[in-house]
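S.K.: Prediction below, plus the sequence it came from.
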Amino acid sequence: MQLVGERLIPTHLDRTWAALNDPEILKSCIAGCESLERTGDNAFAALVAVKVGPVSARFKGSLQMTNVQPPTGYTIVFEGQGGAAGFGKGSADVTLTSEGDATRLRYSAQAQVGGKIAQIGSRLVDATAGKLTDDFFRCFEERLRPAPPEPDEATPLTPGTAAAAGGGPKGLVWAIAALVAAALIAWLLLR
């Protein structure tokens, strides 16, 4: 199986790179992600709970980053086990390019899956995988949108502005891990 896609992330390249490598941001954006922990310089372990039709499972996965070229890309090698529900393994190339104040994220992945998940109808699997991917990117992009400016205390809020005030993205922390790796572990294990 092969998966190719791209997204326009609404922030500059360095900030996107930092977020791609922040396990807390990734974990908060992956539906069902119970843990995402660094196990080495370029290695992570993940635990993701997923449900596809009648099959529910917790997938334990490992991710290894290779060919790391900050801040423009890397290759992710991953594998995951979901017990009787199935397994998945593969790799993905991720590239980032600056487009003004935004970043173009492109990915190309190859994967193999087996077990019960591979036996479920492809339409159900594709629909679930598509929803998980869309939900991940929607959350990730929202986390990286610039915060609206705080209103001046002397300026009263007009109706509708209170919800927009404040609440920007949280600080971005350390270097190298897996936006797409984490998204792909959920996406590819379900495909």
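M.R.: Noted; the coordinates are in hand.

S.K.: Show me which helix runs longest in this protein.
M.R.: helix 122-144 (DSSP state H).

S.K.: what packs against it?
M.R.: For helix 122-144, the packing partners by 3 or more C-beta pairs under 8 Å, 6 or more residues apart in numbering; DSSP states H and E come out as strand 2-9, helix 13-20, helix 23-29, strand 43-52, helix 179-190. For every residue, glycine as well, the C-beta is placed using N, CA and C.

S.K.: what bits of this protein have low per-residue confidence?
M.R.: 1-2, 121-122, 125-126, 148-191 (pLDDT under 70).

S.K.: and the angle for the longest helix of the chain with strand 2-9?
M.R.: Angle between the axes of helix 122-144 and strand 2-9 is 30 degrees (criterion: axes from the mean of the first three to the mean of the last three C-alpha atoms, to 10 degrees).

S.K.: how near is residue 39 to residue 33?
M.R.: Noted for residue 39: a distance of 16 Å to residue 33, by C-beta to C-beta, to the nearest Å.

S.K.: about what we covered before: identify whichever of the helices and strands packed on helix 122-144 lies nearest to residue 107.
M.R.: helix 179-190 (4.9 Å; C-beta to C-beta).

S.K.: biggest strand in the protein by residues?
M.R.: Longest strand in the chain by number of residues, with DSSP state E as the criterion: strand 55-69.

S.K.: by how many degrees do that one and helix 122-144 diverge?
M.R.: On the basis of the same axes, to 10 degrees, strand 55-69 is oriented at 50 degrees to helix 122-144.

S.K.: can I get the CA coordinates of strand 55-69 in CSV?
M.R.: This file holds the C-alpha atoms of strand 55-69, laid out as CSV (Å, rounded to 0.1, in the frame of the first residue of the first chain):
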residue,chain,number,x,y,z
VAL,A,55,-12.5,-4.3,15.6
SER,A,56,-11.0,-2.4,18.6
ALA,A,57,-7.4,-2.6,19.5
ARG,A,58,-4.5,-0.9,21.2
PHE,A,59,-1.5,-0.7,18.9
LYS,A,60,2.0,-0.5,20.3
GLY,A,61,4.3,1.0,17.9
SER,A,62,7.9,2.1,17.5
LEU,A,63,9.1,4.9,15.3
GLN,A,64,12.7,5.5,14.1
MET,A,65,13.7,8.7,12.3
THR,A,66,16.4,8.4,9.7
ASN,A,67,17.9,10.7,7.1
VAL,A,68,17.1,13.6,9.4
GLN,A,69,17.7,17.0,7.7
